[in-house]
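[1] I would like the atomic coordinates for the input below:
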Amino acid sequence: MQSSEREAEEALALFGIDKELLKKWRIEKICSSFWLMSKDIKAFECFNIQTKGLRILEKTKLGLKPTSYGLQLLAPHIKMRTIDLSMQELLSIIKGIGVEKNAEDGYVAIRHKGIVLGCGLAKNGKIYSQFPKALAQAIAELD
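    Next up is the predicted model:
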């Protein structure tokens, strides 16, 4: 196994995601991101493909950050580092207002009514949104 795959597996293991599950796919590091893709992706290499698969992690100054869409895909397998928020709390964090929660500093999977919506950042007892703009806008429109 390549060291980049191991690095990605270790980052996802913080969320309780079993390394055995990830063996169904191929993880490839491209620049500062990790992509999860089918092991059969080579069948399409005759095309000019800009990206392959789903970006699941990206390097940040705080370490490897899971993408919101990666967390959504892996949601049934996430067992740790989850934070449940009400709709009011969700609306606060997408406005940039931290919500007080007791959580260890670092990246977390934000849930609402048991559904993983995306990535958040726990820092100094508060949770902040790490959602992409399109996801944050879609949530804001639900209210």
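[2] contacts and neighbour counts: CA atoms only from here.
    Noted.
[3] then the helix or strand hosting I110 to CSV, C-alphas only?
    For I110, the host element (DSSP states H and E) is strand 106-112. The C-alpha coordinates for strand 106-112 follow below in CSV (Å, rounded to 0.1, in the frame of the first residue of the first chain):
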residue,chain,number,x,y,z
GLY,A,106,-10.4,19.1,15.0
TYR,A,107,-12.7,18.2,12.1
VAL,A,108,-16.1,16.7,12.8
ALA,A,109,-19.0,15.2,10.9
ILE,A,110,-22.0,17.5,11.4
ARG,A,111,-25.4,15.7,11.6
HIS,A,112,-29.0,17.0,11.6
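[4] could you please name the strands that strand pairs with and the direction of each pair?
    Paired with strand 106-112 in the same sheet, following DSSP bridges, are strand 82-84 (parallel), strand 115-123 (antiparallel).
[5] winner for burial among the ones you listed?
    Highest mean neighbour count among the strands paired with strand 106-112 (mean count of other Cα atoms under 10 Å): strand 115-123, with a mean of 22.
[6] so which of the strands paired with strand 106-112 is nearest G70?
    strand 115-123 (8.1 Å; Cα to Cα).
[7] contacting residues around that closest one?
    66-69, 71-72, 75, 103-111, 127-131 (Cα atoms under 8 Å, 6 or more residues apart in numbering).
[8] show me where the protein has its strands.
    For the chain, the strands defined by DSSP state E occupy 25-30, 33-38, 54-60, 63-66, 82-84, 99-100, 106-112, 115-123, 126-129.
[9] switch the ones you listed over to CSV; also include mean pLDDT and distance to E5.
    Listed next are the strands of the chain as CSV, based on pLDDT from 0 to 100; distance: least, Cα to Cα, whole Å:
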stretch, mean pLDDT, distance to E5
strand 25-30, 90, 6
strand 33-38, 91, 8
strand 54-60, 96, 11
strand 63-66, 96, 12
strand 82-84, 98, 23
strand 99-100, 98, 33
strand 106-112, 98, 19
strand 115-123, 98, 21
strand 126-129, 98, 26
